[in-house]
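Asks: here are the coordinates; sequence isn't available:
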């Protein structure tokens, strides 16, 4: 049974940093693309970043480029999201997701097979 457990969220002031983690179990982690999405109150869940299962290539949405970094440790079955220079508009519940289709990691929610439970990130101004 595949399980993704998100952690690392919290309250931080604008300009601060947080590192999110997503620990996977019940799956061959290295065979899965991994991604982070986020959902703010009243808004749809949106793509943040993804990392390829094969070559480790990374993909980011424009509003986090240069501030967020996604990485993975296949030995620990864990994907990370390092978030720097946080802004109040980054406030949301952050979810990790996994899927293993061919090609680059997708960026739409319906294309992901497995989801974490989410971790709240709140950035105060």
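Replies: Yep, that arrived. Everything numeric in this text was worked out from a predicted model, so none of it was measured.

Asks: beta partners for the closest residue to residue 9 other than its chain neighbours?
Replies: In space, and not counting its chain neighbours, residue 9 is closest to residue 119: 3.4 Å by CB to CB, 6 or more residues apart in numbering. From N, CA and C alone the C-beta is placed, and that goes for glycine too. Per DSSP bridges, residues listed as beta-bridge partners of residue 119: residue 94.

Asks: for this structure, which residue is closest to the average position?
Replies: Nearest residue to the geometric centre of the chain (CA atoms, centre = their mean): residue 36, 2.1 Å.

Asks: ok, and what's touching the host helix or strand of that one?
Replies: For residue 36, the host element (DSSP states H and E) is strand 33-39. If you take CB atoms under 8 Å, 6 or more residues apart in numbering as the criterion, strand 33-39 is touched by 20, 22, 24, 45-53, 70, 72, 79, 81, 90, 92-101, 104-107, 109, 112, 118, 121.

Asks: Give the partner strands of it in its sheet and their orientations.
Replies: With DSSP bridges as the test, strand 33-39 is paired with strand 46-51 (antiparallel), strand 92-99 (antiparallel).

Asks: Which among these is found nearest to residue 4?
Replies: The closest of the strands paired with strand 33-39 to residue 4 is strand 92-99. By CB to CB, the value is 5.4 Å.

Asks: Moving along the chain from the closest one, name the first helix or strand you hit.
Replies: The helix or strand immediately downstream of strand 92-99 is strand 114-115, counting by DSSP H and E.

Asks: Quick check: mean pLDDT of that next one?
Replies: Taken as a whole, strand 114-115 has an average pLDDT of 98.

Asks: start the count at 353, not 1, going forward
Replies: New numbering, starting at 353: the last item is strand 466-467.

Asks: what's it packed up against?
Replies: Using 3 or more CB pairs under 8 Å, 6 or more residues apart in numbering; DSSP states H and E as the contact criterion, the secondary-structure elements in contact with strand 466-467 are strand 444-451.

Asks: give me that answer again for 10 Å
Replies: strand 355-359, strand 385-391, strand 444-451 (3 or more CB pairs under 10 Å, 6 or more residues apart in numbering; DSSP states H and E).

Asks: The shortest one: which residues count as buried?
Replies: Buried residues in strand 355-359, counting neighbours by 16 or more other CB atoms under 10 Å, are found at 356, 358.
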